[in-house]
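S.K.: structure for the following, please:
(chains A and B)
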Amino acid sequence: MNLADAQPNTVVTIIDIDAGPGLKARLLGMGFVSGAKLKVIENRDGHIVVALDSGYGRVVALSKGIAKKIIVASSTV
Amino acid sequence: MLNAPSKFLLLLLTFFKIILFFAIGLDASKLINFATVECIEVSFLANSYREQCDAVIAVAGQPNVGKSTLFNVLTGRMERVGNFPGTTVAMSIGRRRYKEKTLCFVDLPGVYDLKAVSLDEKIARDFIVFGDWDAVLVLVDLTTGLNGFYLAMQILQLTNRVVIALTKWDEVERLGIKVDLESLRKTLQVPVVPVSALKRTGIEELLNAITLLVESRETIGAKGIYIDYGQLENSLSVATKEIEKVFSNRNVDARGIAILLARGNVDIANRLGVGDVIKMFSNTSQVLGTSVDEFIVKRIYSFIESTFSNLILIKPVKELKEGVVYKIFQNPFSGFVATFTILFSAIFLAFAINTGFPITTILEALGLGDWASALEKYTISSAILTFFDYIKNIVYSSLAESHPILASMLANGIIEGVAVVSSFIPLILITLMLMSAIEDSGLGPLMAVSLHRFFARFGLSGRAIYPMFISLGCNVPGVLASRAALDDFERLEIIASTSFIPCQARLIVLLAIVGFLFYGNPALQAIIVVGVYLGGAILYLVTAKIFRRGVFREKTSPELILELPKLHKPSFEVVWWNSWALTKHFIVRAGTVLILIVAIVWALTSFGSTGFVEDPTQSFAYDVGRAIGVVIKPLYGLSDDSSWKVGFALLTGFIAKENLLATLAVLTGAEESGLALQSLGLTIPQGIAILVLFMYYIPCLATVATIYAESKSTKFTLLVVAYVVGVALIASLAVYGIASLIIH
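M.R.: All right, here's what the predicted structure looks like:
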């Protein structure tokens, strides 16, 4: 599934990022790398808010278009 | 003198001007130079400045790491010296005397990564690679996890002349994050100093570590930290050898540059003349099964994970709390309401302190007129104006007899200009402090997120609220703030739309014209003023949409990606430092520009082909104005006399919008702008139409220059100017037609 479908208060693991080079570089720089665990804080119509490091890292707001490009899998932790 | 509602609006505009600096948060540094349109080429450190420094320390860190706070604690004050080369981004340098040495700290833009996509990233990267520094101070914020080391590791691959400061140490301890400092120092092979700028702890240790590092400067080349890149190692060694042939900087390890090239920093390869290296790396991507860049980034993150997870225990006692404030801003409706409530409360507070309005109006309404006038008399702004009136009268009366020309120029030009600038200082400082407090608390990005959905309908992201608000103060930084956009289309949309937002200069013109046209009818005045702003906002949004769909043929909506820093109580000192530095900047820029323009207009209208002239119709101004007047005269049915005056005002207004009124006042010889308008003999429909024309007709010269500088395209610049002129003419004529039907 992609990040836009993730439920609030769940933790997901990034599998892949399917974005163009500019956006991808920006995401990588902020810590959105495959294997990273994201805690979903909010999932609204327009945007999604996630915290890196399973909820302990930086908090980032992403628009849905970007969230759709981040392929994730549910994580048990 | 302006009446109270006019003052309120004038202050409102100034307030928005200030948002320009703070709403944009980490991008504030590049807006500081808002009036500097031309790109000043300076060497990284101007030679004269370099001589005053015993050591130059580059300060690098990711956004929200607490850099500006620490920078201010370290240096106590900020000095801005020119720009980074080839850019309009201001370079902040702060100095500190420590152990009889002058340490100069260069504040680099906050960046997540050394891979340069944006201008900020390029500046930070190039300064570290090519700049003339003695040490790099890298800030790492552990309160947002281990990812804070990502930038630090990249810099450490380039050089070991680094001191690492672990910022927000008080917060780190409060969260119960355990750090094995000794092992961390051994692993990184550089000094690691925990600091808290807020509690002032670790500052002495940090300065000491920096001084020791600078003194121990070795003559041999720097050695970067080694991260093993496996399959990429062969190519990296080849590239390192190639780079060593052409580049020698004892501060920087060639391997670190090879890694930057492998990540696709093509401009560095070109600058060094090793373009082949880039080709070699792109060929290896097939072997890796992924892009070289992604491969390297993953290696760095996994290195961080494996190296630091044993040394730093990030298991906060309290789970990261997303409090009620977050909840409010996540909801589209309450977020929208909260954003505007906060902004308008701040305005109210700033205005009340500075001018007494709107408290004075409330007092008047309650029948306490005496109290109101007493309050107004003793407000900061009226005290300043009274003072300058006094000076002006002394100067004028003592010189009027002997040197009438000089007396008029000094009193009505220069002193008047200084008075206007001065009367804005308290307001600017107060509003800057309020906005700085909002920004320092971390609310700014929350506001942008809450507006994203609304803006997305017009082909803009929530971040476009920044350039839009900024443009209310001045369009030039509004254009520059377009860099906040994620994609180039959005950036150009913002650039094209900007000049429809009436700037502060146009507010003054607007207030004077409505004050004259609808004298004694405040309700109608208010409707027109609100209409002009609403019209501007609609034109801004619609233009963005038109350019996205019509010019760029882009059907998708722009995206948003924004870090939400933790909310905290703003620090008074940080707020004061930020706002005072920017206020000083305003004084210098606005002061010089205003006085220069007054002198030019004064000269154009006082001199003609026959030399000094008393009658403005003999002046150069008349010739120029008539040429423009001929075009607009038939459109609005203006008289000969008023058409050339309006024409000349349009020309000087192109140089700077506040000239629209000043020019009309000089041309008609009227002391007050209301009288100046009266002497033009405009009917109300003509007046409203001219008003609309004045508001939107063309981006001012500085804005046009900035549009060109930002878009790097003559074609695009001309397209935007033509579009703006066309839309303004259509809007103005439409208003003229409607108004003529209603009013006779």
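S.K.: which positions in chain A make contact with chain B?
M.R.: For chain A, the residues in contact with chain B (Cβ under 8 Å from any Cβ of the partner chain) are A:21-31, A:33-36, A:41-42, A:44-47, A:49, A:51-53, A:55-63, A:65-66. For every residue, glycine as well, the C-beta is placed using N, CA and C.
S.K.: near chain A, which residues of the stretch 501-650 of chain B are found?
M.R.: B:556-566.
S.K.: ChimeraX command to pick out the buried ones of the residues you listed?
M.R.: ChimeraX command restricting those to the buried ones, with burial defined by 16 or more other Cβ atoms under 10 Å in any protein chain shown:
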select /B:557,558,559,560,561,562,563,564,565,566
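S.K.: with secondary structure added, can I get the residues of the stretch 501-650 of chain B next to chain A in TSV?
M.R.: Listed next are those as TSV, based on DSSP: H, G, I helix; E, B strand; the rest coil:
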residue	secondary structure
B:556	coil
B:557	coil
B:558	coil
B:559	coil
B:560	coil
B:561	strand
B:562	strand
B:563	strand
B:564	coil
B:565	coil
B:566	coil
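S.K.: want to try a markdown table for the residues of the stretch 501-650 of chain B next to chain A, with pLDDT as columns?
M.R.: A markdown table is the format used below for these (pLDDT from 0 to 100):
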| residue | pLDDT |
| --- | --- |
| B:556 | 78 |
| B:557 | 77 |
| B:558 | 81 |
| B:559 | 82 |
| B:560 | 85 |
| B:561 | 88 |
| B:562 | 87 |
| B:563 | 88 |
| B:564 | 87 |
| B:565 | 85 |
| B:566 | 81 |
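S.K.: pipe the residues of the stretch 501-650 of chain B next to chain A into a markdown table and attach distance to residue B:545 per row.
M.R.: Formatted as a markdown table, those follow (distance: Cβ to Cβ, whole Å):
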| residue | distance to residue B:545 |
| --- | --- |
| B:556 | 13 |
| B:557 | 10 |
| B:558 | 11 |
| B:559 | 16 |
| B:560 | 17 |
| B:561 | 22 |
| B:562 | 22 |
| B:563 | 28 |
| B:564 | 28 |
| B:565 | 31 |
| B:566 | 35 |
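S.K.: now the helices for chain A?
M.R.: A:21-30, A:64-67 (DSSP state H).
S.K.: out of those, deepest packed?
M.R.: Across the helices of chain A, the average number of neighbours (mean count of other Cβ atoms under 10 Å in any protein chain shown) peaks for helix A:64-67, which reaches a mean of 22.
S.K.: hey, where'd the strands end up in chain A?
M.R.: A:11-17, A:37-43, A:47-51, A:59-63, A:70-74 (DSSP state E).
S.K.: where does residue B:61 fall, phi/psi-wise?
M.R.: phi -180, psi 160 (degrees, to the nearest 10).
S.K.: mind putting the helices of chain A into TSV with mean pLDDT?
M.R.: Formatted as TSV, the helices of chain A follow (pLDDT from 0 to 100):
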stretch	mean pLDDT
helix A:21-30	87
helix A:64-67	90
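S.K.: nearest to residue B:659, of those helices?
M.R.: Nearest of the helices of chain A to residue B:659, taken as Cβ to Cβ: helix A:21-30 at 40.7 Å.
S.K.: okay, that closest one in CSV with CA atoms only?
M.R.: Only the C-alpha atoms of helix A:21-30 are listed here, as CSV (Å, rounded to 0.1, in the frame of the first residue of the first chain):
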residue,chain,number,x,y,z
PRO,A,21,14.8,13.0,-8.8
GLY,A,22,14.2,16.4,-7.2
LEU,A,23,11.4,15.3,-4.9
LYS,A,24,13.2,12.1,-4.1
ALA,A,25,16.4,14.0,-3.1
ARG,A,26,14.3,16.1,-0.7
LEU,A,27,12.6,13.1,0.8
LEU,A,28,15.9,11.2,1.2
GLY,A,29,17.5,14.3,2.9
MET,A,30,14.7,14.4,5.5
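S.K.: so which elements touch it?
M.R.: Helix A:21-30 sits against strand A:11-17, helix B:292-308, strand B:561-563, with contacts defined as 3 or more Cβ pairs under 8 Å, 6 or more residues apart in numbering or on different chains; DSSP states H and E.
S.K.: how far off strand A:59-63 does that helix point, in degrees?
M.R.: Helix A:21-30 and strand A:59-63 meet at an angle of 160 degrees, taking axes from the mean of the first three to the mean of the last three Cα atoms, to 10 degrees as the criterion.
S.K.: residues contacting residue B:202?
M.R.: Residues near residue B:202 by Cβ atoms under 8 Å, 6 or more residues apart in numbering or on different chains: B:165, B:169, B:193-196.
S.K.: which residue, other than its chain neighbours, is closest to it?
M.R.: If the residues on either side of it in the chain are set aside, residue B:202 comes closest to residue B:195, at 3.5 Å by Cβ to Cβ, 6 or more residues apart in numbering or on different chains.
S.K.: and what of residue B:716?
M.R.: Closest residue in space to residue B:716, ignoring its immediate chain neighbours: residue B:492 at 6.8 Å, by Cβ to Cβ, 6+ apart.
S.K.: where does that neighbour fall, secondary structure wise?
M.R.: According to DSSP states H and E, residue B:492 maps onto helix B:488-497.
S.K.: hmm, who's touching that helix?
M.R.: Here helix B:488-497 has contacts from B:459-461, B:464, B:467, B:478-479, B:481-483, B:485, B:539-541, B:543-544, B:547-548, B:552, B:554, B:558, B:707, B:710-711, B:716, B:719-720, B:723, using Cβ under 8 Å, 6+ apart.
S.K.: buried among those? Make that a PyMOL selection.
M.R.: Buried residues within the contacts of helix B:488-497, by 16+ other Cβ under 10 Å, are selected in PyMOL with:
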select buried, chain B and resi 459+460+461+464+467+478+479+481+482+483+485+539+540+541+543+544+547+548+554+558+707+710+711+716+719+720+723
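S.K.: fine by me, we can end here.
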